[in-house]
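Enquirer: sequence plus predicted model, see below.
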Amino acid sequence: MNSNWMMTIAVATLPAWPALAQGSKAELIARAKSFELSTPYIAPPGDALSHYASGYAKIMCSAVFITGLDPEFAAENVGYFTSPYPERAKVGKPVIDRQNKTVQIKLPNEISWRSGLRDAAGRPEFFQLHASQR
């Protein structure tokens, strides 16, 4: 009998849930805006494509060597917030070195980004390679 009473209350309040959620969302956005700083956006220094390539190398390294994904699947399905698809089309195909656990991505200007598992915890590190360092 007690469970029937609780079910009746739950069903009776169902129509009010979307309104409660909307109110909570509006309050959350208002609170977030109160913490915003009124400063202009300044892009990080450096070439945007280089930033995308380094992110792509890191995502591919994590996807292949930590998560265990197939490189082709990872390239098509992982990490678009770090390196959008149109930007990936501008750089070379990731070169996977399974023996050294590294991923290298070459930019059109002959600079490459390499990401590899380097520290004792197996976390990826990434570093830039200039044409003379390859």
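Expert: Thanks, I have the structure now.

Enquirer: need the strands for this protein, in chain order.
Expert: Per DSSP state E, the chain has strands spanning 95-97, 102-106, 112-117, 124-129. These are given in chain order.

Enquirer: contact partners of the second one?
Expert: With Cβ atoms under 8 Å, 6 or more residues apart in numbering as the test, strand 102-106 has contacts from 53, 56-57, 60-61, 64, 91-92, 94-97, 112-117, 129. For the C-beta atoms, the positions are set from N, CA and C on the backbone; glycine is no exception.

Enquirer: dump the strands of the chain to CSV, plus mean neighbour count and distance to residue 26.
Expert: Below are the strands of the chain laid out as CSV (neighbours: other Cβ atoms under 10 Å; distance: least, Cβ to Cβ, whole Å):
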stretch, mean neighbour count, distance to residue 26
strand 95-97, 14, 47
strand 102-106, 23, 42
strand 112-117, 22, 41
strand 124-129, 16, 39
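
Enquirer: could you save the ones you listed as JSON lines and add columns showing mean pLDDT and distance to residue 34?
Expert: Listed next are those as JSON lines, based on pLDDT from 0 to 100; distance: least, Cβ to Cβ, whole Å:
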{"stretch": "strand 95-97", "mean pLDDT": "94", "distance to residue 34": "46"}
{"stretch": "strand 102-106", "mean pLDDT": "90", "distance to residue 34": "41"}
{"stretch": "strand 112-117", "mean pLDDT": "84", "distance to residue 34": "38"}
{"stretch": "strand 124-129", "mean pLDDT": "62", "distance to residue 34": "36"}
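
Enquirer: so where's this protein shaky on pLDDT?
Expert: Residues of the chain meeting the criterion pLDDT under 70: 1-23, 119-134.

Enquirer: could you chop it up by domain?
Expert: Under the assignment automatic domain parsing, the domains of the chain span 2-34, 48-133.

Enquirer: show me where the protein has helices.
Expert: 2-13, 17-34, 48-61, 71-77, 85-88 (DSSP state H).

Enquirer: can you pull the buried residues of the shortest one?
Expert: Neighbour-count burial for helix 85-88 flags 87, 88 (criterion: 16 or more other Cβ atoms under 10 Å).
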